[in-house]
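Engineer: Build me a structure from this.
(chains A and B)
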Amino acid sequence: MIPIKFIRENIELVKESLANRNMDIDLDSILTLDNSRRNIIKSVEALKADRNYYSRKIAKQKQKGEDSTAQIKKMQKVSSSIKEYDLELKEVNEKLNQLLLFIPNIPHSSVPRGKSEDDNVVIKSWGEKPNFSFQHKDHIYLAEQHGLVDFKRGAKISGSGYPLYIDKGAKLERALINYMMDQHSENDFTEIFPPFLVNESSVLTTGQLPKFKEDMYYIDKDDMFCISTAEIPVTNIHKNEIINRDELPKKYVAYSACFRREAGSYGKDTKGLLRLHQFNKVELVKFVDPSNSYEELESLLLNAERILQNLNLHYRIIELCTADLSFSAAKCYDIEVWSPADQKYLEVSSCSNFESFQSRRGNIRYKNNDKLEHIHTLNGSGLATPRLFVAILENYQTEDGGIDIPEVLQEYIGIKKIC
RNA sequence: GGAGAGUUGGCAGAGCGGUAAUGCAGCGGAUUGCUAAUCCGUCAUGCCUUAACAGGCAUGCAAGAGUUCAAAUCUCUUACUCUCCGCCA
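Structural biologist: Numbers count the residues shown, from 1 in each chain, chains lettered A, B, ... in the order given. Here you go, the predicted model:
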């Protein structure tokens, strides 16, 4: 949430930020609304001052036993016109707040400007693309060949986009989750197992609502949302709380299933594990002192990268440009792992600094000396499993058609190779 | 699902129709030569005036509605927390 006062005082900056995001939001009508809001406040507060003055007078008169029917008559009129103004003010406030909830975060000054995702910047590349001396296969073939994932039965049970992991496939999936959780725990992230259904206010905090309601699974009867990421429950751990400065940074790691309707992406990546309605993800969330949130973002990125390094998978890091930045983020890095079959990079993590955007929505503050201020929130996938699963199958396949298990996972899965 | 209790500032805690006591912590200042004490101020948000310092007004007692000249206080609705009962993995 960008506060109206900030918009009012930095209108050019906000306009520029929206333009850089390729977003068209009518700021002038927001300012007009703000203006009329302040005018109403002026009028109604003058009346309320009047009312307070006469109420006190009436109280004194009553004590003395004097008659005050004239004043009371007058105040009845004042009160009813206060009521009208208050109603008007409430309507204007609601309209204004509704509009403000649709304004995205302001990109950090270091974010590259761009018109589309083509302007994202590759800032790092780690490892090497594998060279196969044999005809290598894609993950769908490999998964079906070895009975790791049953897409057909998943579709029978739920629909497309709900893979059924079986036997060694199920074990590999669980090994990945357990391995990543352990790694991050060792780096002082506190382990969380969050609720997977959350209320509306939690989704407003992180910014998936109100703008992206179409992407969420919604349970009408109970007014609950299925989480699209563990970011939602974990960020809301401290909703409406005040955190002591000496407790910062607060670092959490959580596994969750993630549910996404993927509205508007029909026909894209419909086969295999690349785009799913339900998938598993390990998420890192940090609550940090605003003065060093960008250093914390860099270290968060390293925490996520470490997983791919330990799995010895080639990846690159993209710095998202203003046009590709997500709604709530001020800055974001994507980590993309190499898929030999598709000959392209697959996004397995987004690491973002939200600055105070989410903490304002969720009223998450910290005590800075004598002042209460909004904290900065960060999060990053560490990592999402489906594309990681893809990368392991494709990068670790062997000439005899088997799949080697990466060394760090062997103790988790109990075998060294899928034959 | 049923019954009861509760929700007041950073925290603790009073007030139960006349407009938020008090304590603790924090911050600023004064004073005293001693790791501290004492005193004063400040310590939520918004709006207005001001270049700024500062000042004025309003709002704020879980959320919303109602009664009233006046609501933390009375009435209704909702949310959440706790306790007990029921059902259940």
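Engineer: Could you report the neighbour count for A:Glu91?
Structural biologist: Applying other CB atoms under 10 Å, we find 12 residues neighbouring A:Glu91. Glycine gets a C-beta too; all of them are placed from N, C-alpha and C.
Engineer: any idea which helix or strand comes after the host helix or strand of it?
Structural biologist: Using DSSP states H and E, A:Glu91 falls within helix A:69-100. Next in sequence after helix A:69-100, counting helices and strands by DSSP H and E, comes strand A:121-126.
Engineer: Quick one: distance of that next one to the chain centre.
Structural biologist: Centroid displacement of strand A:121-126 relative to its chain, using CA atoms, centre = their mean, to the nearest Å, is 23 Å.
Engineer: Quick one: mean pLDDT over the next helix or strand after that strand.
Structural biologist: Counting by DSSP H and E, the element after strand A:121-126 in chain order, helix or strand, is helix A:139-145. Computed over helix A:139-145, the mean pLDDT rounds to 96.
Engineer: Give me the buried positions along helix A:139-145.
Structural biologist: Across helix A:139-145, burial judged by 16 or more other CB atoms under 10 Å covers A:139-143.
Engineer: packing partners for it?
Structural biologist: helix A:385-395 (3 or more CB pairs under 8 Å, 6 or more residues apart in numbering; DSSP states H and E).
Engineer: tell me what the helix or strand that comes right after the helix it packs on is packed against?
Structural biologist: Once helix A:385-395 ends, the next helix or strand along the chain (criterion: DSSP H and E) is strand A:403-404. Strand A:403-404 sits against strand A:417-418, with contacts defined as 3+ CB pairs under 8 Å, 6+ apart.
Engineer: outside of the strand it packs on, which residues touch it?
Structural biologist: A:146, A:148, A:168, A:172, A:398, A:402-405 (CB atoms under 8 Å, 6 or more residues apart in numbering).
Engineer: who wins for neighbours among those?
Structural biologist: Result: A:Leu172 is most packed of the contacts of strand A:417-418 (other CB under 10 Å), 28 neighbours.
Engineer: Can you report phi and psi for that one?
Structural biologist: phi -60, psi -40 (degrees, to the nearest 10).
Engineer: confidence score at A:Asn369?
Structural biologist: So, for A:Asn369, pLDDT stands at 68.
Engineer: The one 4 residues further on too?
Structural biologist: pLDDT, the model's per-residue confidence, is 87 for A:Glu373.
Engineer: any idea how far A:Tyr366 is from the spatially closest residue to A:Leu248 that is not a sequence neighbour?
Structural biologist: Once flanking residues are discounted, A:Leu248 sits nearest to A:Asp289: 4.9 Å by CB to CB, 6 or more residues apart in numbering. Distance of A:Asp289 to A:Tyr366, computed by CB to CB, to the nearest Å: 7 Å.
Engineer: Next, show the common contact partners of those two.
Structural biologist: Joint contacts of A:Asp289 and A:Tyr366 (CB under 8 Å, 6+ apart) are A:245, A:248, A:375.
Engineer: quick one: average confidence on the helix holding A:Glu91?
Structural biologist: 89.
Engineer: circling back to that earlier point, quick one, what contacts the residue nearest to A:Leu248?
Structural biologist: A:245, A:248-249, A:366, A:375-376.
Engineer: Could you export those residues as CSV, including neighbour count?
Structural biologist: Below are those laid out as CSV (neighbours: other CB atoms under 10 Å):
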residue, neighbour count
A:Arg245, 12
A:Leu248, 18
A:Pro249, 19
A:Tyr366, 25
A:Ile375, 29
A:His376, 28
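Engineer: what about the closest residue to A:Lys171 other than its chain neighbours, neighbour count?
Structural biologist: Leaving aside its chain neighbours, A:Lys171 sits nearest to A:Ile413 (5.0 Å; criterion: CB to CB, 6+ apart). As a burial measure, A:Ile413 scores 19 neighbours (other CB under 10 Å).
Engineer: For the residue nearest to A:Leu248, what are phi and psi?
Structural biologist: phi -70, psi 130.
Engineer: I'd like to know how many residues surround the residue nearest to A:Ile72 when sequence neighbours are not counted.
Structural biologist: Using CB to CB, 6+ apart and skipping the chain neighbours, the partner closest in space to A:Ile72 is A:Ile58 (6.6 Å). Close neighbours of A:Ile58, defined as other CB under 10 Å, add up to 16.
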